Every structure is written in C-alpha cells, then in structure tokens.
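**Q** Provide a 3D model corresponding to the input given below.
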Amino acid sequence: MNSNDLRKWVNDLASTLCFSHTILSPSFLQTFHRLAVDSFPATKGLAIPFDNLVQDMITGTKIKPSDMQGHLRQFVYPAIMIAIQSLAEDMLNTYYRDINIISVRIEQAVNENKITRNLASEAHYWRIVRNVIAHGNGEISQCTERDFQKLNSLSKILFTEFILWRPLVKTAEGTLAPITDEVVSNPRNPKAKGIITPITEGNRLEVGLGDLLAAGTVWADVINLITGL
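**A** The predicted structure is shown next:
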C-alpha cells in the first residue's frame, strides 16, 4: 500500500459507510416496505410500522435500523479512525525498516526536512484524536491532556483545541447527514460547522466521516512526502 492506496481506501470506506447509513434510514426502509406490500392486492394498504425490528435469522439478533445507524456512528467510524493511523504506521515502519513511536517518527520527519511543521501538527492532531478513541473510548484522559500541553509548550503543534465534524453534519437544507459536499471538498477545515472541544481531561470526542477523510488525507500526505510513494 502507498499514499494513493491509503487515500482511496479511506474515500471508498467513507462512501460505503455513507451509503450504509442512508440505506438504514427508517423512513427509507418504511417507504421501501410499503411499496413492496402495496404491489400485492392481498396486502395493499396494510399499515407499515416505522423503524420496525429486523431479525437476523442466523444469529437470532433483533435490532432496529435506527440502532444499526447508531452502531455505525458509535463503533464503526472510531474503528476506521484507529485503522487509518495503524496503516500509516505500518507503511512508515516498512520504509524505515524499524519500529518507532509515531510521535517520534513525526518529529524525525520534520528534522529531516521531509514534512513541514504545519503538516507535523496535523499529524499530531490526528494521532492524539486516535489515542482518545483507542485508549479512552472517546474520553480525553489526563495523559492525553499532558501530551497536548507538552507539545504546545514546545511549539510542536499549531492547534489549541479539537474541531471535529462529528457523525452527523447539518446540510444546506438544515437536515443532518453523515457527509456533505462541503465536507468532501475541504475535510481538513471543519471550522464553520465543526464542534469545538477543549483538550481537557473528561471531555468527549465523536468522529464522523468528515474526520475520517481529514485524517486519511493527512496521513496520505505524510506517507507521500516521507517515502515518495
């Protein structure tokens, strides 16, 4: 895998997850169900329940589509955020032919003039977000707050807070969606519609598809500039 592969992998996943979220919409499934029922004279006109339980015949699980949507946002998006950095780390370890802490690797790349301080700051940003998701289940720990404060005191980072798109973004029409044209066109700039979270112990983070796209582009840029691939 190279930087372009990573970028495409993240984009394809975002599209797949967005489609899955849409297909699982209770109103969409209710409409689809009603069309199917109304296509047969014997069942035409029957009331169709909203957000009805769906049963998996193999596992026996019964779950509402709205809960499935929630699981995408609560479990799948964070898992992908963790995976993006893991892939980037593997590519860097392969390139350098050794294993190193990613925070050290980022600073090493700056010292070698392979990446700018601005890009290093973005990489640290998503590294810290990933740590909050992976180790704190979305809650900022004291260790994370100290990590941020140390980097900030050394002028290693250019951010002072988290600004994330979150799982659902307000569209131009005022509705909520997992992704919008604005997110896709500039995923690394959620300032207009993102939610600001101070980097303080106890605060919680939620990541959305826009955040996955942003992290993916940052790590792809890091990989490309360091490895040339």
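**Q** Now do the contacts for Leu53.
**A** Going by CB atoms under 8 Å, 6 or more residues apart in numbering, Leu53 touches 62-64. Glycine gets a C-beta too; all of them are placed from N, C-alpha and C.
**Q** now swap in Ile63 and tell me
**A** 53-54, 56.
**Q** Let me have these in a markdown table, extended by pLDDT and secondary structure.
**A** Shown next, in a markdown table, are those (pLDDT from 0 to 100; DSSP: H, G, I helix; E, B strand; the rest coil):
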| residue | pLDDT | secondary structure |
| --- | --- | --- |
| Leu53 | 87 | coil |
| Val54 | 84 | strand |
| Asp56 | 82 | coil |
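**Q** and which of those is nearest to Asp147?
**A** Set against Asp147, the nearest of the contacts of Ile63 by CB to CB is Asp56 (41.2 Å).
**Q** Any idea how many residues pack against the closest one?
**A** 9 (other CB atoms under 10 Å).
**Q** Kindly report the same for Glu161.
**A** Quick note: Glu161 (other CB under 10 Å) scores 11 neighbours.
**Q** How much space separates Ile102 from Asn186?
**A** According to CB to CB, to the nearest Å, Ile102 and Asn186 sit 25 Å apart.
**Q** more crowded one of those two?
**A** Neighbour tally, Ile102 and Asn186, criterion other CB under 10 Å: the higher count belongs to Ile102, 20 against 14.
**Q** Confirm for me that that one is in contact with Trp126.
**A** No - in this structure Ile102 lies outside contact range of Trp126 using CB atoms under 8 Å: 10.1 Å.
**Q** tell me, what's touching these two both at once?
**A** Gln85.
**Q** just the helices in this structure please.
**A** 3-23, 26-38, 65-71, 77-96, 102-111, 117-136, 142-153, 181-185, 209-227 (DSSP state H).
**Q** Check the model's average confidence along stretch 75-91 for me.
**A** Stretch 75-91 shows an average pLDDT of 96 in the prediction.
**Q** what comes into contact with it?
**A** Residues outside stretch 75-91 that contact it (CB under 8 Å, 6+ apart): 1-2, 6, 9-10, 13, 17, 102, 105, 126-127, 129-130, 133-134, 138, 167, 207-209, 211-212, 215-216, 219, 222-223, 227, 229.
**Q** if we go to 7 Å?
**A** For stretch 75-91, contacts defined as CB atoms under 7 Å, 6 or more residues apart in numbering pick out 1, 6, 10, 13, 17, 102, 126-127, 129-130, 133-134, 167, 207-209, 211-212, 215-216, 219, 222-223, 227.
**Q** which ones are touching Leu6?
**A** 87-88, 216, 219-220, 223.
**Q** a markdown table for the contacts of Ile63, including distance to Ile82?
**A** Formatted as a markdown table, the contacts of Ile63 follow (distance: CB to CB, whole Å):
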| residue | distance to Ile82 |
| --- | --- |
| Leu53 | 30 |
| Val54 | 28 |
| Asp56 | 26 |
